[in-house]
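Novice: give me coordinates for this.
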Amino acid sequence: MDNNKEIVLSGIRSTGNLHLGNYFGALRNFVKMQDDYDCRFFIADLHALTTNPDPDELHANVKNIVTEYLAAGIDPEKATIFVQSDVPEISELYLLLNMHVGIGELMRTTSFKDKARKALGLKNDNTADEDDDKIEQQIIGADSNKRVNAGLLTYPTLMAVDILIQKAHKVPVGKDQEQHLELTRRFARRFNSFYHTDLFPEPTNYNFGAAAVKVPGLDGSGKMGKSEGNCLYLIDDEKVLRKKVMRAMTDEGPKEPNSPVSLPVQNLFTLMELTSKPEVVRNFKDAYANCSIRYGDLKKQLAEDILAITLPIRERILELRNDDAYIGRVLREGGERARYYAAQTLREAKEIMGIRKFY
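Specialist: Numbers count the residues shown, from 1 in each chain. Presented below is the predicted three-dimensional model:
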């Protein structure tokens, strides 16, 4: 890898297959970036442990995501692809950095409060600051069947270490991770200031030079996400994908010319803008405006245009899935490169912190 290039780091939790949102939101851009940056992409299996996945499922998901990264066009000759747990230096620096992180600032993160509420069965209301004391009390008093694990609390520290141990300059994150990236910057500043060093650069968000893409789901609201069950997966076959698109939520149709577009229909237009030719999008928008639109025709066209993108990736996934030797080589070589850089950073951090050998 070219040491003169800026380092870009991105990770994805090993919790299932990649979907169209992952492709347009990240993967497509990763492929474009790998010629211009020192790209390091990892599968975050340690982060996945916060939800206590089945071991066999966790193992299978790591392989799935690596395969889908490769099938989407990430080139292991240009980018470093590795599994988080293959770099044990991450876990060691995670412990050391936690010595400079406050419990209070971790408990105040939006993602922790959301996940704690869910784990404890509390109403998820981000505006209710008065819930904070209730959450803290219930966390302390929770029984073993309703616990908030420490991994959820220190998730931002582990994310910070993922970034800082590679000395990444740019980190592509969505809106839901912006707070964690700001914490990473804060932790880097704190460490550097405390030890009078410049060991850790402060990473910035990288949006690929354009507005962030928000890929909507098929349920008429929000974004495409695994937990929402509204995804089109890159591995979906033709029959499954067409069925999902044809069942996508719409409305009763416009009653008057130039009516405002409802959210479910706008979601379909957004998907079409990502996957279809401009003239196709224009035709269907004009049909909506003059009340002649047929949602069945729109969905059939949308399914065909999505399949034109996903089927070649699916075919490559199926080819790679059975090539354990190739996938193993990619991960071993990527892990060795990632560990080389991580070991250097960890050695410097320990020296700075006073963890030095005299024997």
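Novice: tell me where the protein has strands.
Specialist: 7-13, 38-44, 80-83, 170-171, 204-205 (DSSP state E).
Novice: next, format these as TSV and append distance to D324, mean pLDDT and mean neighbour count.
Specialist: For glycine as for every other residue, the C-beta is placed from the backbone atoms N, C-alpha and C. Listed next are these as TSV, based on distance: least, Cβ to Cβ, whole Å; pLDDT from 0 to 100; neighbours: other Cβ atoms under 10 Å:
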stretch	distance to D324	mean pLDDT	mean neighbour count
strand 7-13	21	93	21
strand 38-44	16	96	25
strand 80-83	14	98	24
strand 170-171	31	94	20
strand 204-205	36	92	14
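Novice: looking at these, spot the one closest to R147.
Specialist: Nearest to R147 among the strands of the chain is strand 7-13; the distance by Cβ to Cβ comes to 20.2 Å.
Novice: ok, now how distant is the closest residue to L271 other than its chain neighbours from F269?
Specialist: In space, and not counting its chain neighbours, L271 is closest to L302: 6.1 Å by Cβ to Cβ, 6 or more residues apart in numbering. With distances taken as Cβ to Cβ, to the nearest Å, L302 is found 9 Å from F269.
Novice: ok, now V8?
Specialist: Distance from V8 to F269, by Cβ to Cβ: 31 Å.
Novice: how about G354?
Specialist: G354 is 59 Å from F269, by Cβ to Cβ.
Novice: count of residues packed around the closest residue to D86 other than its chain neighbours?
Specialist: Counting by Cβ to Cβ, 6+ apart, G335 is the residue found nearest to D86 once chain neighbours are left out, at 3.7 Å. Neighbours of G335 under the rule other Cβ atoms under 10 Å: 20.
Novice: surely G335 meets P88?
Specialist: No - if you go by Cβ atoms under 8 Å, G335 and P88 don't touch, sitting 10.3 Å apart.
Novice: shaky segments in the stretch 201-350 of the chain?
Specialist: 209-212 (pLDDT under 70).
Novice: mind listing the helices for it?
Specialist: 238-246, 263-275, 278-289, 295-321, 324-353 (DSSP state H, counting those that start in this stretch).
Novice: OK, contacts around R185?
Specialist: If you count contacts by Cβ atoms under 8 Å, 6 or more residues apart in numbering, R185 has them with 202-203.
Novice: ok, back up a step: neighbour count winner among L302 and F269?
Specialist: Neighbour tally, L302 and F269, criterion other Cβ under 10 Å: the higher count belongs to L302, 23 against 18.
Novice: go ahead and confirm that one touches M246.
Specialist: No - using Cβ under 8 Å as the test, L302 is too far from M246 to be in contact (9.4 Å).
Novice: where does the stretch 1-150 of the chain have low pLDDT?
Specialist: Looking at the stretch 1-150 of the chain by pLDDT under 70, you get 1-3, 122-146.
Novice: what about the helices in it?
Specialist: 20-22, 28-33, 45-48, 55-72, 88-98, 103-107, 110-120, 131-141, 150-153.
Novice: columns distance to E256 and mean neighbour count on top of those helices, output as a markdown table?
Specialist: Converted to a markdown table, these look like this (distance: least, Cβ to Cβ, whole Å; neighbours: other Cβ atoms under 10 Å):
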| stretch | distance to E256 | mean neighbour count |
| --- | --- | --- |
| helix 20-22 | 32 | 24 |
| helix 28-33 | 38 | 18 |
| helix 45-48 | 49 | 22 |
| helix 55-72 | 43 | 19 |
| helix 88-98 | 58 | 18 |
| helix 103-107 | 51 | 13 |
| helix 110-120 | 40 | 17 |
| helix 131-141 | 44 | 13 |
| helix 150-153 | 49 | 16 |
